[in-house]
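> Would you be able to build a 3D model of this:
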Amino acid sequence: MLLRVRVTLPDRPGTLGQVARTMGVCGADIVQVVVLERLGGRAVDDFTVVWPGAARVERLLAGLAAIPGVRVDGVWRAIGAPTTTGQDAELLAQVAANPAEGVATLVDAVPGLLAADWAVAAVVPVDWAARTGTTGEATVGYASWRAPVPARLPEVTPLRARATTAPDGGHFAVAPFGRAGLVLVVARERTGTPAAAGFHATEVDRLAQLVRAGAVILGDRLDLVGAPPAAANP
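Coordinates of the predicted model:
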């Protein structure tokens, strides 16, 4: 199976190689490494690995924990192949080629790009700012195929891109389209031990860029998401 492993490690020569060797010894076949952050002598890296299904992940965790200064921030199952920078452009090209299904295309594709479980396009009431105690109230306009029914939505207002973690440990990233109260919500469920890592700032930025570009492409079509169907003429 394909796993995503997030590791915080000292940003010094040799440490990344030590982490990679340890993963190999434990049975993980590394297919991609993405550097999420390098700051203050520390780095945060996401490894995508092919992991033998019969092996216990605890062996990998123990091996990485034995490396001085290394911390495992999360291990979770990834969906689809490792991401590349060209996939974002390809996704937006698909949205532009078929704008009538543009929001559905974004919602269905984003979980694979961000190693998430599901996504929804949530619709916030236009008067949310004037409401008292219901600022997070939202409805689902479109949901990806793995989204639970009903979808458990996080607090999505105020409308700005950010990451959040629910009390049950589930992680969310939200990004507004800037129109029609529409917000893209992406989720990583807490389904096991070890659990998924939260959405990093670079992942939230990537989501926000995709949503902003999608909004430019789709324009007025965003107003139709979640709107009641037009009544048929008698």
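
> switch to C-alpha atoms for all contacts and neighbour counts from now on
Will do.

> Output the longest strand belonging to the protein.
Assignment by DSSP state E gives strand 29-39 as the longest strand of the chain.

> Identify each buried residue in that one, please.
Neighbour-count burial for strand 29-39 flags Asp29, Ile30, Val33 (criterion: 16 or more other CA atoms under 10 Å).

> Give me the pLDDT value at the last one.
At Val33 the predicted local confidence, pLDDT, stands at 91.

> again, but for the second one
Reported pLDDT at Ile30 in the predicted model: 93.

> beta partners for it?
Beta bridges link Ile30 to Val49 when assigned by DSSP bridges.

> got a list of what it touches?
The neighbourhood of Ile30, defined by CA atoms under 8 Å, 6 or more residues apart in numbering, consists of Ala20, Met23, Gly24, Phe47, Thr48, Val49, Val50.

> go with 7 Å
Phe47, Thr48, Val49, Val50 (CA atoms under 7 Å, 6 or more residues apart in numbering).

> Counting neighbours, which of those comes out on top?
Among the contacts of Ile30, the one with the most neighbours (other CA atoms under 10 Å) is Thr48, at 26 neighbours.

> which non-adjacent residue is nearest that one?
In this structure, Thr48 finds its nearest non-sequential neighbour in Arg4, 4.6 Å apart by CA to CA, 6 or more residues apart in numbering.

> In terms of helices and strands, where is that neighbour?
Here Arg4, judged by DSSP states H and E, is contained in strand 2-10.

> Many thanks, have a good one.
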